[in-house]
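Participant: Just the structure for this:
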Amino acid sequence: MELLTKALIQELLAADQAPCLSVYMPTHRMHPENLQDTILFKNLIRQMKESLLQKYSADDVQEYLKPFETLAEDDNTWNHTFDGLAIFGGTGIFKVVGVHKSFEELAIVADSFHTKPLRQYLQSLDQFHLLALTLHDIRLFQGNHHSLTEIELTSDTPKTITEALGDELTEKHTTVASYGGSAGESSSMHHGHGGRKNETEKDAERFFRVVANAIEENFSKPTGWPIILAALPEHHHLFQKVSKNPLLLPKGIAINPSSVSSGQLTKMAWEIMEPEYNHKLDNLVALFEQARIDGKGSDDYKEVAVAAVEGRVNTLIVEHDRIIPVRITNLVTGNTQKKDMSNPRVDDLLDDMGELVMKMGGKVMVLPKDKMPSETGLAAIFRY
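Facilitator: Presented below is the predicted three-dimensional model:
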């Protein structure tokens with residue numbers, strides 16, 4: 001399975017040879033619950049087969065589905081899933097992406113890959129990373145309003161101070177000498193070269209710098225999520241000093257992260273994230289409302305489709321679970337037409353429009369229904 005990154009989504013968006021097969025499904029981490037995952041996956045393969053047969057020959061359909069059917073028999077994959085799985089297949093491309101979020105089951109055959117759930121997952125306003133840091137080791141969590149899930153560190157992200165510093169880990173520059181005392185007793189005296197405390201602080205600073213750089217490169221940059229530090233109070237200033245990560249929040253959790261439960265840590269993290277979340281959401285909604293008043297915003301999909309093909313959409317807000325079976329039939333005029341989702345050329349309009357806006361340099365935000373500023377499933381802020 002591949003790590004979900006913005007680069008992976010861009011690779012999927014760049015694929016332009018039909019058909020593009022997209023599958024989303026919930027998965028289970030433990031046995032025996034995970035036994036049902038392959039059954040669901042095979043059912044989704046059958047749905048794609050029915051769609052493909054409307055346009056392609058039986059031999060072609062077999063070729064398109066071959067990597068999916070091979071995956072269905074790969075026990076190694078199904079025994080190491082998280083909470084959700086996304087699979088993409090087409091000419092010269094096959095991607096399997098596991099995430100810490102359950103997807104609604106969905107199988108789509110279209111002219112382009114269906115990427116809206118992945119984009120929603122990456123840019124969700126309530127997603128964040130939490131770095132649990134001590135002088136000896138680190139753990140990284142992915143969090144949202146409801147939970148924290150520990151995630152596996154990449155091979156080049158050090159897990160301990162020994163991994164981070166290796167041979168550069170400072171030896172304790174102390175020697176022990178015995179001096180004769182009264183009545184023949186001996187006492188030990190420590191002679192520090194630089195001092196034990198000073199050397200420990202140097203190790204901590206170098207350890208924190210290595211960790212900060214690795215987390216930024218391997219996790220913050222690929223996702224764009226903010227990161228919260230959970231560490232003892234005396235470690236916050238030093239980590240903030242050495243970190244250059246613009247996504248590191250200035251406020252952290254001043255506690256030994258190993259001393260509290262996952263539930264307590266989730267609650268403490270959300271107390272920090274909630275104001276950030278509400279601020280971003282309120283700003284986004286306010287920008288749309290003002291744009292609509294100024295004649296530079298709309299929630300009518302026909303009007304937005306025209307603006308999208310003309311490159312006039314600065315920000316597109318779409319509803320996460322909404323599927324609109326409409327196709328943009330003309331990429332010059334923006335004309336649209338209602339279609340059947342079983343048609344192997346038809347994807348969700350919101351997904352297609354989001355991809356088009358991104359290709360034109362615009363931003364796309366995917367929100368849950370209760371946070372949307374409109375009832376139509378989309379809202380657009382125009383450049384002009």
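Participant: pLDDT value on the residue positioned nearest the centre of the chain, please?
Facilitator: Central residue of the chain (C-alpha atoms, centre = their mean): residue 122, 3.8 Å from the mean position. On pLDDT, residue 122 comes in at 78.
Participant: Without its sequence neighbours, what residue ends up closest to it?
Facilitator: Excluding its sequence neighbours, the residue lying closest to residue 122 (C-beta to C-beta, 6 or more residues apart in numbering) is residue 223, at 5.7 Å. For glycine as for every other residue, the C-beta is placed from the backbone atoms N, C-alpha and C.
Participant: cool, and residue 222?
Facilitator: Of all residues not flanking residue 222 in the chain, residue 5 sits nearest, at 3.8 Å (C-beta to C-beta, 6+ apart).
Participant: for residue 284, same thing?
Facilitator: Nearest residue to residue 284, sequence neighbours excluded (C-beta to C-beta, 6+ apart): residue 365, at 6.3 Å.
Participant: And for residue 145, the neighbour number?
Facilitator: By other C-beta atoms under 10 Å, the residues close to residue 145 number 14.
Participant: which residues does the nearest residue to residue 359 once chain neighbours are set aside contact?
Facilitator: Excluding the flanking residues, the one nearest residue 359 by C-beta to C-beta, 6+ apart is residue 13, at 6.9 Å. Residues near residue 13 by C-beta atoms under 8 Å, 6 or more residues apart in numbering: 112-113, 115, 355, 358-359.
Participant: separation between the residue nearest to residue 222 and residue 218?
Facilitator: Distance, residue 5 to residue 218, by C-beta to C-beta, to the nearest Å: 10 Å.
Participant: what's the answer for residue 110, then?
Facilitator: If you go by C-beta to C-beta, the gap between residue 110 and residue 218 works out to 32 Å.
Participant: now do residue 102
Facilitator: Per C-beta to C-beta, residue 102 is found 24 Å from residue 218.
Participant: Could I get the phi/psi values of residue 364?
Facilitator: Phi and psi for residue 364, reported as degrees, to the nearest 10, are phi -130, psi 130.
Participant: My guess is it contacts residue 319. True?
Facilitator: No: in this structure residue 364 lies outside contact range of residue 319 using C-beta atoms under 8 Å: 11.9 Å.
Participant: And what about residue 206, helix, strand or coil?
Facilitator: Secondary structure state of residue 206, per DSSP: H, G, I helix; E, B strand; the rest coil, is helix.
Participant: Which strands or helices does the host helix or strand of residue 122 pack on?
Facilitator: Assigned by DSSP states H and E, residue 122 falls within helix 116-123. Applying 3 or more C-beta pairs under 8 Å, 6 or more residues apart in numbering; DSSP states H and E, one finds that helix 116-123 contacts helix 6-14, helix 349-359, strand 363-367.
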